[in-house]
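S.K.: what follows is a predicted protein model with its sequence.
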Amino acid sequence: MVRWTTRVTETRWQCAAALVPSSARSLPCGRACQTVGQDQRERSTCRRCTLDDVNSHGIPAPPPPSSAAVRRTMQGNRGTGTKPETALRSALHAAGLRFRKDFRLDRGAVKARPDVVFTKAKVAVFVDGCYWHSCPEHGTQPRSNAEYWTPKLARNVARDREQDAALREAGWTVLRIWEHVPVAEAVELVAHSVARE
């Protein structure tokens, strides 16, 4: 998740590696970016870039929240442990399936953290939110700050496809389940995939 705060007169960035587009991989830090001040130019050990470094690689600055309510809503968005993920995990566990949650899989340049991982069966399950992953059925286009959010959502989808391809190439079965899919249906799909492997 790309987060920003303002401290003194400095805008700070912290970019999760998964959200940085491939064009940004030549940043001084490699992936994780954060401004550290005007006087600090050493980047190799601290893995940090200036805001200019980030912006010059196609990562637009996030717009400021339009209101305090919007800010609270955005801060409340969880990257992991969402209700759909928790419901699926509980149902899988109740069905007798054992798994790892949020288990990091490193496949070369692509790093993935599926919501549910069956390591022996090599099945990776992602529970994708309709808005954040542009569901063709329920996904909506941003109504405010579209110039920032539209490319951001497109990067999310591109990252998803990149992760899927890398995991499949490494012999994994990848399941992407939309948050609107009924839990019973999702459990059946996952159980079938695990049993097949």
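M.R.: That came through, no problem. Numbering: from 1, shown residues only.
S.K.: tell me which element R89 falls in.
M.R.: Taking DSSP states H and E as the criterion, R89 maps to helix 83-94.
S.K.: residues contacting that helix, please?
M.R.: 99, 101, 115-116, 125, 127, 129, 177, 179, 183-184, 186-187, 190-191 (C-beta atoms under 8 Å, 6 or more residues apart in numbering). Quick note: C-beta positions are derived from backbone N, CA and C, even for glycine.
S.K.: could you look up the next helix or strand downstream of that helix?
M.R.: Trace forward from helix 83-94 with DSSP H and E and the next one is strand 100-101.
S.K.: list the strands paired with that following strand, with their directions.
M.R.: strand 116-118 (antiparallel) (DSSP bridges).
S.K.: what's the local residue count around A165?
M.R.: 13 (other C-beta atoms under 10 Å).
S.K.: just A109 next, same as before
M.R.: 11.
S.K.: for the helix holding R89, list every residue counted as buried.
M.R.: Buried residues in helix 83-94, counting neighbours by 16 or more other C-beta atoms under 10 Å, are found at 84-85, 87-89, 91-92.
S.K.: how about stretch 158-172?
M.R.: 159-160, 162-164, 166-167, 172.
S.K.: and those residues as CSV, adding distance to R196, secondary structure and pLDDT?
M.R.: Below are the buried residues of stretch 158-172 laid out as CSV (distance: C-beta to C-beta, whole Å; DSSP: H, G, I helix; E, B strand; the rest coil; pLDDT from 0 to 100):
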residue, distance to R196, secondary structure, pLDDT
R159, 27, helix, 93
D160, 22, helix, 94
E162, 25, helix, 93
Q163, 21, helix, 93
D164, 18, helix, 94
A166, 21, helix, 92
L167, 16, helix, 94
W172, 13, coil, 94
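S.K.: could those residues go into a markdown table alongside distance to P136?
M.R.: Below are those laid out as a markdown table (distance: C-beta to C-beta, whole Å):
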| residue | distance to P136 |
| --- | --- |
| R159 | 17 |
| D160 | 13 |
| E162 | 19 |
| Q163 | 19 |
| D164 | 16 |
| A166 | 23 |
| L167 | 21 |
| W172 | 24 |
